[in-house]
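Q: Just to be clear, the model below is a prediction. Sequence and coordinates:
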Amino acid sequence: MDNAITDHGDHSHKYTMRISRLTIDKLGIRLYDRVSAVLAELIANSYDADATKVEVSLPWGVTLAGTIHAAEHEPYRIVVRDNGHGMTSTEINIHYLMVGSDRRVRVGTDLSRRLERPVMGRKGIGKLAPFGICRTIEVISVGGADAERTEKGWPMANIVMNLDEMLSDTERDYHPRPGPQDGTFSTERGTTVILRDFLRKRVGSGPELSRQLAARFGLERADWQVEVRNSIAGRGAPQKFVLRDLPVDVMEETRIDVAKRPVWIGDRFLPVTGWAAYSKQPYRDEAMAGVRIYARGKLAAQTRDFGIPAGFTGEFKLRSYLVGAVHVNWLDDEEDLVRSDRQDIIWNSERGEALSAWGRNLVRELGQLGESSVKRRVWEEFVEKSGILATLQTIAPQDRMFRKSVMDAARILVNNKDRAALEDPAHIDSIVRLALSLGPQRSLLETLKDVAEDTDNRLDVVVAMFETARVAEVYSLGQIASERVAVVDRLQRLVDDRRSLERPFQELIERAPWLLAPEWTPLGMNESLQRVRASFERWYKQKFGTALVTTAIGSEKREPDFVLLHDAGELWIVEIKRMDYHLTDEEYNRAINYLYALDTFLNENPRIGEQFPRRRLTFIVDHIDKLRPAALSSLVSDDRVDRRTWRELLDSTLRAHRDFLDRVYAMRLGEQSESDDAGASVG
């Protein structure tokens, strides 16, 4: 960063930046590839500039660049305007165009100029963040000391930076172009940043943006307001929102206030504030899941478990239900422990390790609190939604023992469910039916206890009843256990066989969607999903003139375009490729277009769409090395799109079901041992 300040002897260029191509690539494009992350950096800069009001304007729910709209059109701009102290042309050179210097060292304080706010910025690279999503940044800033104000107002500085021009020469100083308003005056101070010429990036809907931005800031102040507006006219839904603290619906009985739990390092402690708890329902939205760790009011890291090892009470539910907001300002004090992209902490440091140990203790306590709370709430919700009490009263009003045994069986079946599983009425009905079938067998076992205590009963009657009960018990357990064991075994065989083609994988995923999300329940080909599939396929053919196949089951004559699954409130496009396949750009873009088409279909049919407010796309493919940079960037930045290899899917499935499968395998070994012993005795 030598000679980053303008050589005032050279009057041919008013503004100068010197920065290597590698630095721009690593600090701009690679670190900040999501729209919400870029907005957070620009908003944080406004906060540090003592702004009391920030106005953000951008199009909601669109892809900024692509084949449908030209990114240069007027709505496809992002504008961030604040009323902060602004900068003069000299200050732009000394501060804004000085990339990578520690702001607090350069300025001599970690407080803002006028309102003395603890500043969020430090590394001096946030200004490059927009180059992660666009090629052109325009800055218009009006500022200066009171003495610099003239009759015309404060001086205005206006620069335009272009990524392609900046990267064209890696050694010489870069000279941003003065904009049309440079050198003029304004009566109001403040800074406006305008982003244009976008890479292929998706902007979330209004609610998505609100959650994503709220998750990145952990402060609310009377002298601070951020308003985000949709630049494309819309109908119905609100077209603007004010940034607030992230609302999270939690089980209050599990909430832990961490203010009285400092982090100990040796014989001293470091303060922590905030809270952690279990949410009332599992969060699949990344912005809301896990504990958010803030430093100086800005997101520094997000964790689901603080790296705690397996084996504690409630661990399997914890990673779906754990939420929290913890403020740890000392992560960003003398020693900077926040990673450059503010997406994680440098954990392998003395303070980082101490915070990790503190968090693991917190997680263990929450696991114990949350386990019983989650089970109780899920059970209460199941009883309410299923109407099982009324059903039992109708079919067995005089048989109290039967009613109790059915309720006991239902409680066992519901015991390890989460609330999302109860969003599907068909699944609730299946639990009720299974409980009704298991109930009489549990009654039989209760009767067996009575018979065993009655010495007048013949031994052969007792033995016969025991055999009947044993058969019923093994059958009911086998129905539940063997299905998952068989599916996991099948997946492992397919993965181990490098020649496996797409169709067996497609059928397996479709019949057992819990392979993708262990908290899901096996929904299979239920009626509601069949209706959505059929409607979407008809709509797609009418809209685009091309037939679409969204299931591998029952479509033997044609390979499916993709597999469409659904869980509570979510439609999931799953693009499945055979083992060792290399995904191409054409295939990636085609799948993205399917996702956009699904959005359009559900928006045009709101009664269907309101049932599925969340839509996502997953690629299950081993290699993405053939994707071009634009597709790779889209895959990383779009939070509705993700990719897994077959080995990763198998590993996550085995980890998620490890305890369950271990017990089933142990039972099988026990049964086999009993059988061998019996065979030996007969022999």
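A: Yep, that arrived.
Q: C-alpha from now on. contacts and neighbour counts both.
A: Will do.
Q: Look up the closest residue to Val383, ignoring the ones flanking it.
A: Leu389 (7.2 Å; C-alpha to C-alpha, 6 or more residues apart in numbering).
Q: Could you list the low-confidence segments of the stretch 301-450 of the chain?
A: Where the stretch 301-450 of the chain drops to pLDDT under 70, the residues are 310-317, 334-344, 416, 418-420, 438-450.
Q: Strands of that one, residue ranges please.
A: 322-327 (DSSP state E, counting those that start in this stretch).
Q: so where do the helices sit in it?
A: All helices of the stretch 301-450 of the chain, identified by DSSP state H, counting those that start in this stretch, fall at 315-321, 350-386, 388-395, 400-414, 425-453.
Q: what about the residue nearest to Val383, distance to Leu436?
A: The spacing between Leu389 and Leu436, counted by C-alpha to C-alpha, to the nearest Å, is 12 Å.
Q: next one: Ile624
A: Distance of Ile624 to Leu436, computed by C-alpha to C-alpha: 49 Å.
Q: Equivalent analysis for Ala233, please.
A: Distance of Ala233 to Leu436, computed by C-alpha to C-alpha: 54 Å.
Q: Compare those two (neighbour count), which wins?
A: Each of Ala233 and Leu436 has its neighbours counted (other C-alpha atoms under 10 Å); Leu436 has more, 20 against 9.
Q: Now for the more buried one: which residues touch it?
A: Val406 (C-alpha atoms under 8 Å, 6 or more residues apart in numbering).
Q: Check the spacing between it and Thr600 real quick.
A: 42 Å.
Q: now swap in Ser205 and tell me
A: 13 Å.
Q: Can you tell me the SS state at the residue nearest the centre of the chain?
A: The residue lying closest to the centre of the chain (C-alpha atoms, centre = their mean) is Glu286, at 2.0 Å. Here Glu286 is recorded as coil under DSSP: H, G, I helix; E, B strand; the rest coil.
Q: Give me the pLDDT for it.
A: Listed pLDDT for Glu286 reads 71.
Q: what sits against it?
A: Applying C-alpha under 8 Å, 6+ apart, no residues contact Glu286.
Q: For Thr90, see how far away it is.
A: From Glu286 across to Thr90, the span is 41 Å (C-alpha to C-alpha).
Q: same check, this time on Gly183
A: 12 Å.
Q: okay, Ser205 and Thr600: which has more neighbours?
A: Per other C-alpha under 10 Å, whichever of Ser205 and Thr600 has more neighbours is Ser205, with 15 against 12.
Q: Next, give phi and psi for that one.
A: Main-chain torsions, Ser205, degrees, to the nearest 10: phi -70, psi 170.
Q: Pretty sure it sits against Trp60.
A: Yes. Ser205 is within contact range of Trp60, at 5.1 Å (criterion: C-alpha atoms under 8 Å).
Q: Overlap of the contact sets of these two?
A: Common neighbours of Ser205 and Trp60 (C-alpha under 8 Å, 6+ apart) do not exist.
Q: Got the domain ranges for this protein?
A: 21-242, 252-369, 374-488, 500-644 (automatic domain parsing).
Q: Out of these, which is closest to His13?
A: Of all those, domain 21-242 sits nearest to His13, with 6.6 Å by C-alpha to C-alpha.
Q: what is the rounded mean pLDDT of stretch 229-245?
A: Mean pLDDT, stretch 229-245: 81.
Q: what about dumping the CA coordinates of it to CSV?
A: C-alpha atoms of stretch 229-245 as CSV (Å, rounded to 0.1, in the frame of the first residue of the first chain):
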residue,chain,number,x,y,z
ARG,A,229,-37.0,0.3,-0.3
ASN,A,230,-37.9,-1.7,-3.3
SER,A,231,-36.9,0.2,-6.4
ILE,A,232,-39.3,-1.9,-8.6
ALA,A,233,-43.0,-1.1,-8.1
GLY,A,234,-44.9,-4.0,-6.7
ARG,A,235,-48.4,-4.8,-5.6
GLY,A,236,-49.9,-6.0,-2.3
ALA,A,237,-47.0,-6.6,0.0
PRO,A,238,-45.1,-3.7,1.7
GLN,A,239,-42.4,-2.2,-0.5
LYS,A,240,-40.1,-0.9,2.2
PHE,A,241,-39.0,-1.8,5.7
VAL,A,242,-37.0,-0.3,8.6
LEU,A,243,-34.1,-2.3,9.9
ARG,A,244,-34.9,-3.7,13.3
ASP,A,245,-33.4,-6.3,15.7
